[in-house]
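Asks: here is a sequence together with a model predicted from it:
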Amino acid sequence: MRYLCLIYEDEKWWEKATEADLQKGMADYNAFTASIKKAGKYIGGEALQPTKSATSVRVRNGKLSTTDGPYVETKEQLGGYYLINAKDLNDAVQVASRIPGAQHGTVEVRPIMEFNQP
Amino acid sequence: MQDAFTAAVERWPVEGTPANPRSWLISTGRFKAIDRLRKTRRESASPDPLSWEERGDHRPEPEDYDVVDDRLRLIFTCCHPALNPDAQVALTLREVCGLTTEQVAAAFLTTAPTLAQRIVRAKSKIRDARIPYEVPERPDLPERLASVLHVIYLVFNQGYFTRADLATEAIRLGRLLVELLPEPEAVGLLALMLLHDARRATRMNAAGTLIPLEEQDRSRWNGEQIKEGTELVERALTSRGFGPYTLQAAIAALHADATSSAATDWAQIVGLYDVLLRTDPSPVIELNRAAAVAMRDGPEHGLALIDAILARGELETYHLAHAARADLLRRLERRPESRRAYERALELAIEDPERRLIQRRLEEL
């Protein structure tokens, strides 16, 4: 079963990080990614640029509105994701708990909606 | 699996072989297991809380392992921390204990439709997020077991004052868990519940007023339950990996062992609270420790500690903090201050037995 692991972190943590912190942060993520690839659980994953680069788009009554910033302001922001293959929720939680961001942020685990192919 | 097999033989000729006989068997086994559990529950409805061995029932034999495992799987699934905490309690009472939705709703002061909806939502989540029907692996066991113990303790506390049936249900659950998975903290929780429940008959008077520990008729405490609880505490304390439930049970065992409040080993109780604070720091534990210090060293020492806790603001709205403070002020004969503290406690208290005790204290002042 596929799960999306959404990584919410305080993006200021990365802004304030020292060069050594950044190096370590990157190394931790690289090691984690390599480990789930090896375990055959990795489908995809990306890091996102900070929310200051975000744009929110809405169409109401056919009219496009574009605004600066994320849809909601929160203390922790969506900073990246992994799409994984897991046996069940326990397995997915196991994987999610090893995402480096879980150490100081929050990882939301969402099962993917599977549609029956016609 | 014998029962499920019989059911399969009986039904397959009529309904045809199911597409996946193995999973069908497993699910039938599951319901048979619940049936058997419910039956056991009814059979042991007398206040004779014996374990399987003691009752002379058959101990689970190798072919029953699946059934034993199944009960445990069911408990861990109902108490999965990914489910809403209220739903965990509701699911456990319904699926494991066999209570009806109406009974669970009544126990938790909610309506049956609300509760039913909560259960439906929880079941959808089990299906959609694929919460597995399994006993967690060793590395996950501490967190998962904590969730199960918490649910059982919630059920017990919900029955603390007025619902003896819920407390009994919680004890049965605790007993079942210890039979299936004798982890130190499961043993500790069962001991804690047995020891607290042993005082049930003496905790309230006929008018529904709470009777404080020092005024309870100790000859009416349930000696058998105390004996069993104390043995369980000793068992848990000698194993590695005991925790807060075991420590609280040890404190309850010291109370149960004493012939009067004055004869209680308060020094050891303070010591146990010290350990408890190191493993599981909380202002409520600090408050209980302060009350024990007052008994060991005198009310003024306890009062200083309670004042310090209240000054931090954490327990400002906790009625027992003000009630404990009022008790100590009363012992120090500082009546006006005591009155004010009781009045504050009365503003905050919700449970009727506690309110009546505070009112009684106010009248006595």
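Replies: That came through fine.

Asks: mean confidence for stretch B:333-353?
Replies: Mean pLDDT, stretch B:333-353: 95.

Asks: what's next to stretch B:238-257, contact-wise?
Replies: B:149, B:153, B:183-185, B:187-189, B:191-192, B:195-196, B:198-199, B:213, B:221, B:226, B:229-230, B:232-233, B:236-237, B:264-265, B:268-269, B:272-273, B:275-276, B:279-280 (Cβ atoms under 8 Å, 6 or more residues apart in numbering or on different chains). Every C-beta, even on glycine, is put in place using the N, C-alpha and C of the backbone.

Asks: buried ones in it?
Replies: B:242-256 (16 or more other Cβ atoms under 10 Å in any protein chain shown).

Asks: A:Tyr8 should be in a helix, yeah?
Replies: No: A:Tyr8 is assigned strand when assessed by DSSP: H, G, I helix; E, B strand; the rest coil, not a helix.

Asks: A:Ala86 and A:Pro111 touch, don't they?
Replies: No: taking contacts as Cβ atoms under 8 Å, A:Ala86 lies outside contact range of A:Pro111: 9.3 Å.

Asks: between the two, who's got more neighbours?
Replies: A:Ala86 (21 against 18; other Cβ atoms under 10 Å in any protein chain shown).

Asks: which one is that one nearest to, not counting chain neighbours?
Replies: A:Ala92 (3.8 Å; Cβ to Cβ, 6 or more residues apart in numbering or on different chains).

Asks: what sits up against the helix or strand B:Arg325 falls within?
Replies: Here B:Arg325 sits within helix B:319-331, counting by DSSP states H and E. Contact with helix B:319-331 is made by B:284, B:287, B:290-291, B:294, B:299-300, B:302-303, B:306-307, B:309-310, B:315, B:335, B:337-339, B:341-342, B:344-350, B:354, B:358, B:361, B:365, as judged by Cβ under 8 Å, 6+ apart.

Asks: so the closest residue to chain A within the stretch 51-200 of chain B, which state does it fall into?
Replies: The minimum distance from the stretch 51-200 of chain B to chain A, using Cβ to the nearest Cβ, falls at B:Pro132 (4.0 Å). With three-state DSSP as the basis, the three-state label of B:Pro132 is coil.

Asks: surely it meets A:Val93?
Replies: No: in this structure, B:Pro132 is not within contact of A:Val93 by Cβ under 8 Å, at 10.6 Å.

Asks: the two - which one has more neighbours?
Replies: When B:Pro132 and A:Val93 are compared for neighbours, A:Val93 comes out ahead with 22 against 16, by other Cβ under 10 Å.

Asks: quickly list what the closest residue to the more buried one other than its chain neighbours is bridged to.
Replies: Computed as Cβ to Cβ, 6+ apart, the closest residue to A:Val93 that is not its neighbour in sequence is A:Val109, at 6.3 Å. With DSSP bridges applied, A:Val109 shows beta-bridge pairing to A:Cys5.

Asks: isn't A:Val109 up against A:Met1?
Replies: No: counting by Cβ under 8 Å, A:Val109 stays clear of A:Met1, with 11.2 Å between them.

Asks: quick one: low-confidence parts of chain B?
Replies: B:1-67 (pLDDT under 70).

Asks: those residues of it touching chain A, which are they?
Replies: Within reach of chain A by Cβ under 8 Å from any Cβ of the partner chain, chain B has these residues: B:80, B:82, B:128-132, B:134, B:136, B:140.

Asks: hang on, the earlier thing: neighbours around the residue nearest to A:Val93, how many?
Replies: 20.

Asks: give the contact list for it.
Replies: A:Val109 neighbours (Cβ under 8 Å, 6+ apart): A:3-6, A:89, A:92-93, A:96, B:129.

Asks: tell me the one among these nearest to A:Thr51.
Replies: A:Thr51 lies nearest to A:Leu6 out of those, by Cβ to Cβ, at 13.7 Å.

Asks: per-residue confidence for that closest one?
Replies: 98.

Asks: on that earlier part again, may I ask which of the residues of chain B next to chain A has the most neighbours?
Replies: These, ranked by neighbours (other Cβ under 10 Å): first place B:His80, 25 neighbours.

Asks: just checking, what packs against the helix or strand harbouring the residue nearest to A:Ala86?
Replies: Per DSSP H and E, A:Ala92 falls inside helix A:89-97. When contacts are defined as 3 or more Cβ pairs under 8 Å, 6 or more residues apart in numbering or on different chains; DSSP states H and E, helix A:89-97 packs onto strand A:2-9, strand A:77-85, strand A:106-111.

Asks: want to throw these into JSON lines with distance to B:Leu99?
Replies: What follows is those, written out as JSON lines (distance: least, Cβ to Cβ, whole Å):
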{"stretch": "strand A:2-9", "distance to B:Leu99": "33"}
{"stretch": "strand A:77-85", "distance to B:Leu99": "38"}
{"stretch": "strand A:106-111", "distance to B:Leu99": "30"}
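
Asks: can you select the buried ones from the contacts of helix B:319-331 in ChimeraX?
Replies: Restricted to buried positions by 16+ other Cβ under 10 Å, the ChimeraX selection for these reads:
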select /B:287,290,291,294,299,302,303,306,309,310,315,338,339,341,342,344,345,346,348,349,354,358,361
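
Asks: so which of the contacts of helix B:319-331 sit within helices?
Replies: Among these, the members falling in helices are B:284, B:287, B:290-291, B:294, B:299-300, B:302-303, B:306-307, B:309-310, B:335, B:337-339, B:341-342, B:344-348, B:354, B:358, B:361 (criterion: DSSP state H).

Asks: quick one: distance of the helix holding B:Arg325 to the chain centre.
Replies: Offset of helix B:319-331 from its chain centre (Cα atoms, centre = their mean, to the nearest Å): 26 Å.

Asks: stretch A:29-47 vs chain B: in contact?
Replies: No: for stretch A:29-47, no contact with chain B is found by Cβ under 8 Å from any Cβ; the gap never falls below 14.5 Å.

Asks: flag every buried residue along that stretch.
Replies: For stretch A:29-47, using 16+ other Cβ under 10 Å, the buried residues are A:29, A:32, A:36, A:41-42, A:45.

Asks: and it, average pLDDT?
Replies: On average, stretch A:29-47 scores 97.

Asks: domains in chain B, by residue range?
Replies: Domain ranges of chain B: B:2-280, B:281-365, per automatic domain parsing.

Asks: how about JSON lines for those, with distance to A:Lys63 added?
Replies: Formatted as JSON lines, those follow (distance: least, Cβ to Cβ, whole Å):
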{"stretch": "domain B:2-280", "distance to A:Lys63": "35"}
{"stretch": "domain B:281-365", "distance to A:Lys63": "50"}
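
Asks: residue contacts, B:Met204?
Replies: B:161, B:210-211, B:353.

Asks: okay, which residue is most central for chain A?
Replies: A:Tyr81 (2.4 Å; Cα atoms, centre = their mean).

Asks: does that one touch A:Glu9 like I think?
Replies: No: taking Cβ under 8 Å as the definition, A:Tyr81 is not a contact partner of A:Glu9, at 11.8 Å.

Asks: show the model's pLDDT score for the residue in chain A sticking out farthest from the centre.
Replies: Residue farthest from the centre of chain A, counting by Cα atoms, centre = their mean, is A:Asn61 at 31.7 Å. Note for A:Asn61: predicted pLDDT of 94.

Asks: separation between it and A:Thr67?
Replies: Counting by Cβ to Cβ, to the nearest Å, the gap from A:Asn61 to A:Thr67 is 16 Å.
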